[in-house]
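**Q** following is a predicted model, sequence given first.
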Amino acid sequence: MQGPFIIDDIAYSKEELIAFSEQMLETDKLESWKSDLYQFIIDFFDEEVSLTQRTSGTTGDPKVLDLNRDSMIRSARMTLKYFGLQAGNTALLCLPVQYIAGKMMLIRALTGGLNLVTVEPSGRPLENLSREIDFSAMVPLQLIETIASSHPIDTIKKLLVGGGEVNENLLRIIQKMSQTEVYETFGMSETYTHFAIRRINGNTVDVNFNVLGGVIIDTDERACLTVDMPGVTNGKVITNDLVKIHSKTSFEWLGRIDNVIKSAGIKIIPEILEKRIRNVIEPAHIFIGLSDPKLGQKLVLVVEGEDVKLPRDRWMSSMSEIMDKHELPKEVVVISEFPRNKAMKIDRIELLKLLNKKSSPASLKDLVNTPFKKAMFIVQILSYFLIVGSPFIGGGIGKILELKTATTAGVIFGVFLAGEILFYGSLAFLGKEIVLLLRNKMKRWFKKRKSKPKL
């Protein structure tokens with residue numbers, strides 16, 4: 001790459017761009033996003049500097065990845081070719097360069113001779129921008145905020161959306177956009193951002209993701225996607241994404257293997273169910289697996305909103321028409337607001353922690369919150385009467401029927417045994433919750449005692 005390199009309408013040679021970046025870094029009170037941008041430009045052209053990127057955890061635990069300059073350039077060329085971008089086209093950088101998406105937008109501009117328009121990475125990147133843009137990338141939150149604030153999104157000809165969930169509500173809005181071609185991306189740090197694209201608006205909406213030229217896809221023994229990008233990736237990248245491959249160049253994303261719910265011996269991919277009920281349940285929702293003594297995990301539908309206003313019965317009725325019996329949730333839980341990560345994706349791990357915390361019964365009403373649990377609680381109470389009252393119950397039966405002493409003793413034992421069976425049978429379903437209820441009661445009692453002023 002020898003240039004010219006165009007940044008904010010000004011063309012630079014390699015030496016000039018490095019000198020300009022160094023000069024900008026010496027500016028007093030330089031905004032942090034500009035400081036990150038100019039420092040990365042300097043580092044990229046300095047072969048002695050190691051480039052690193054912290055991954056998001058798509059392929060496993062988050063880690064620090066060593067970036068290869070040649071791989072970044074090859075990946076950039078693949079994108080430039082796929083979208084037919086030419087030297088002089090404008091590219092908007094509105095993502096922070098601390099992340100791989102921001103870095104790669106810069107490298108695409110440097111590699112393809114694009115005019116890189118830079119703005120502060122914010123929720124509303126078009127707020128002070130009125131010019132036409134040929135190519136840009138945003139996270140879903142930026143697009144949502146831009147649309148909500150009526151900023152001119154149609155000034156962008158081709159827009160990539162990635163790094164977060166494109167939910168059903170956003171998708172409906174995107175599909176009404178006629179001036180901008182919008183593409184959902186699929187990628188990760190290890191593949192230097194996207195390696196697959198799908199058009200999500202216009203007359204040619206893609207159901208599946210289509211890979212860039214030269215990308216080789218396959219699945220492993222878990223049915224998870226593997227990706228090989230010769231000249232870009234360091235061999236085959238193994239992901240935790242469950243997919244269905246339709247051809248050598250296209251695949252359907254099903255969900256994450258770490259989200260799979262195992263209920264009564266059946267594996268359920270929650271993302272498939274979530275996609276299926278998009279037109280049934282409008283508020284944000286997900287399926288999650290909660291621990292269950294009988295099923296292993298029970299399928300629970302969690303919906304974001306105000307509990308009193310949501311039509312649970314209608315939802316269950318509608319879902320029963322389009323889902324198999326084992327796919328129907330055992331419970332519908334309403335939460336006022338989902339925990340979300342930095343990419344605004346619903347944080348399933350935090351949600352699971354929150355639901356497990358909420359599942360600890362605080363009162364008897366919480367303990368018997370379903371008809372089945374009410375029945376088990378009644379059986380539990382009945383068992384106490386049979387166990388404690390077995391001498392009186394058995395003795396009374398013996399007296400009424402004028403049984404011999406030995407036979408009466410047998411009746412007493414039978415009543416006691418029936419009580420034991422009912423006790424342990426109901427305890428199998430309520431045992432843990434009874435313990436949690438007693439623990440919570442004791443905690444509150446000790447807390448109350450501790451808070452009482454000493455005289």
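**A** Arrived safely, thanks for sending. Numbers count the residues shown, from 1 in each chain.

**Q** following the least confident helix or strand in the chain by mean pLDDT, which helix or strand shows up next?
**A** Ranked by mean pLDDT, DSSP states H and E, the weakest helix or strand in the chain is helix 364-367, scoring a mean of 57. Per DSSP states H and E, the first helix or strand lying C-terminal to helix 364-367 is helix 371-388.

**Q** helices and strands around that following helix, which ones?
**A** Where contact means 3 or more Cβ pairs under 8 Å, 6 or more residues apart in numbering; DSSP states H and E, helix 371-388 is packed against helix 405-451. Using the backbone N, CA and C atoms, a C-beta is placed for each residue, glycine as well.

**Q** which one is Ile153 nearest to, not counting chain neighbours?
**A** Spatial nearest neighbour of Ile153, excluding adjacent residues (Cβ to Cβ, 6 or more residues apart in numbering): Thr146 at 5.3 Å.

**Q** then Lys176?
**A** Nearest non-adjacent residue to Lys176, counting by Cβ to Cβ, 6+ apart: Asn201, 7.8 Å away.

**Q** tell me which element that neighbour falls in.
**A** Going by DSSP H and E, Asn201 is not part of any helix or strand.

**Q** identify the residues contacting it.
**A** Ile174, Gln175, Lys176, Met177, Thr180, Glu181, Val182 (Cβ atoms under 8 Å, 6 or more residues apart in numbering).

**Q** hang on, the second one packs against Val205?
**A** Yes - in this structure, Gln175 is within contact of Val205 by Cβ atoms under 8 Å, at 7.3 Å.

**Q** what's the overlap in contacts for these two?
**A** With Cβ under 8 Å, 6+ apart as the test, Gln175 and Val205 reach no residue in common.

**Q** what about Asn356, how many residues nearby?
**A** 11 (other Cβ atoms under 10 Å).

**Q** what mean pLDDT does the helix or strand hosting it get?
**A** Using DSSP H and E, Asn356 sits within helix 348-358. Averaged across helix 348-358, pLDDT comes to 86.

**Q** buried set for that helix?
**A** For helix 348-358, the neighbour count (16 or more other Cβ atoms under 10 Å) marks Arg348, Leu351, Leu352 as buried.

**Q** could you point out which of those is nearest to Asp154?
**A** Arg348 (34.6 Å; Cβ to Cβ).

**Q** ends of stretch 382-402, what's the gap?
**A** Stretch 382-402 has an end-to-end distance of 26 Å (Cα to Cα, to the nearest Å).

**Q** in that stretch, what counts as buried?
**A** For stretch 382-402, the buried set under the neighbour-count rule, 16+ other Cβ under 10 Å, comprises Ser383, Leu386, Ile387, Ser390, Ile393, Gly394, Gly395, Ile397, Gly398.

**Q** is it true that the fourth one touches Gly410?
**A** No - if you go by Cβ under 8 Å, Ser390 and Gly410 don't touch, sitting 11.6 Å apart.

**Q** confidence score at the residue nearest to Ile153?
**A** For Thr146, the predicted pLDDT is 94.

**Q** so it touches Leu129, yeah?
**A** No - using Cβ under 8 Å, Thr146 makes no contact with Leu129, being 10.2 Å away.

**Q** the more surrounded of these two?
**A** More neighbours surround Thr146 than the other of Thr146 and Leu129, with 21 against 17 (other Cβ under 10 Å).

**Q** contacting residues for the more buried one?
**A** By Cβ under 8 Å, 6+ apart, the neighbours of Thr146 are Arg124, Pro125, Leu126, Met138, Ile153.

**Q** let me see the contact set for the fourth one.
**A** Met138 sits next to Cys94, Leu95, Pro125, Thr146, Leu159, Leu160, Val161 when contact means Cβ under 8 Å, 6+ apart.
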